[in-house]
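Asker: Prediction below, plus the sequence it came from.
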Amino acid sequence: KQEVTQIPAALSVPEGENLVLNCSFTDSAIYNLQWFRQDPGKGLTSLLLIQSSQREQTSGRLNASLDKSSGRSTLYIAASQPGDSATYLCAGLISSGSARQLTFGSGTQLTVLP
Amino acid sequence: DAGVIQSPRHEVTEMGQEVTLRCKPISGHDYLFWYRQTMMRGLELLIYFNNNVPIDDSGMPEDRFSAKMPNASFSTLKIQPSEPRDSAVYFCASSFSGLAGGHTGELFFGEGSRLTVL
């Protein structure tokens, strides 16, 4: 069974710092990996989607990488801002029999201090 | 684009009552998912549909839970009878499979329905 782990569970950094959030998965046969942001009381907002054939994706100050062989993905946030404070979740899509299932990590709660 | 729309946003009910949660996926999306989020268990997939057909309902916790998708623009998740342990935020999400087929598309979530069962 696919397991997705995010460490640390919480992270606090000063404004302006570059930071990396980590995501690891046990099944290297993934179709894609997606990073989400969740603000308190809100739904999940898709940040970046990396297909299995890709190594990384970039959007503004965000860069996500995927290394299937090591079972790891990272989300890099450059020049962090207080508005980046949220919970960040990664999710890997894998086959489960004839179906495909998205397995979520438990998230990293990020606080960017002004 | 209006995004995935869920209703109600908040529901407070008493144990034993029927609860119906509603979802309108993004137009053109062919996959629809129902998730449940709690502090203890995180995000759990309950069921998902492809072209209105249920594909995997192994995450539905009990027979008290049922889901339908009568057409491409509407789905419901029903709990009957509801219990306090059903209290959670229920999310609906949709995606588009694209030309490659199968589900490899980006997932878009609604704002969720927060259910409290007293």
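Answerer: Yep, it's here.
Asker: Grab the longest strand from chain A for me.
Answerer: The strand spanning the most residues in chain A, taking DSSP state E as the definition, is strand A:86-96.
Asker: Could you give the bridge partners of residue 91?
Answerer: No chain in the question, so chain A it is. Assessed by DSSP bridges, A:Ala91 has beta-bridge partners A:Gln34, A:Phe104.
Asker: if you could check chain B rather than the one you did, that'd help
Answerer: Each beta-bridge partner of B:Phe91 is listed here: B:Tyr35, as defined by DSSP bridges.
Asker: Give me the next element, helix or strand, following the lowest-mean-pLDDT helix or strand in chain A.
Answerer: Ranked by mean pLDDT, DSSP states H and E, the weakest helix or strand in chain A is strand A:99-104, scoring a mean of 78. From strand A:99-104 onward toward the C-terminus, using DSSP states H and E, the following helix or strand is strand A:108-113.
Asker: If I take that following strand and strand A:86-96, what angle do their directions form?
Answerer: Compare the direction of strand A:108-113 with that of strand A:86-96 by axes from the mean of the first three to the mean of the last three Cα atoms, to 10 degrees and you get 160 degrees.
Asker: buried stuff in strand A:108-113?
Answerer: Residues of strand A:108-113 classed as buried by neighbour count (16 or more other Cβ atoms under 10 Å in any protein chain shown): A:108-110, A:112. (C-beta placed from N, C-alpha, C; glycine too.)
Asker: Spatially, what comes nearest to A:Gly83 if we skip its sequence neighbours?
Answerer: If the residues on either side of it in the chain are set aside, A:Gly83 comes closest to A:Val112, at 7.7 Å by Cβ to Cβ, 6 or more residues apart in numbering or on different chains.
Asker: give me the low-pLDDT residue ranges for the chain?
Answerer: Because you didn't say which chain, this covers chain A. Low-confidence regions of chain A, defined by pLDDT under 70, span residues A:95-100.
Asker: Oops, wrong one, chain B.
Answerer: Applying pLDDT under 70 to chain B flags the ranges B:1, B:98-104.
Asker: Write out the residues of it neighbouring chain A.
Answerer: For chain B, the residues found near chain A under the criterion Cβ under 8 Å from any Cβ of the partner chain are B:4, B:33, B:42-43, B:45, B:48, B:55-56, B:91, B:93, B:102-104, B:106-112, B:114.
Asker: So for chain B, the centremost residue is which one?
Answerer: The centre of chain B sits closest to B:Trp34, judged by Cα atoms, centre = their mean, with a distance of 2.6 Å.
Asker: show me where chain A has strands.
Answerer: So, for chain A - with DSSP E - the strands run A:4-7, A:10-14, A:19-25, A:30-38, A:44-51, A:56-59, A:62-67, A:72-77, A:86-96, A:99-104, A:108-113.
Asker: Specify the stretch among the ones you listed that is closest to B:Ser87.
Answerer: When the strands of chain A are compared by Cβ to Cβ, strand A:30-38 sits nearest B:Ser87, at 18.6 Å.
Asker: Going along the chain, name the strands of chain B.
Answerer: Defined through DSSP E, the strands belonging to chain B, from first to last, are B:5-7, B:10-13, B:19-24, B:31-38, B:42-50, B:53-56, B:65-71, B:74-79, B:88-95, B:108-109, B:113-117.
Asker: Centre of the chain to the last one, how far?
Answerer: In this view, strand B:113-117 has its centroid 13 Å away from the chain centroid, taken as Cα atoms, centre = their mean, to the nearest Å.
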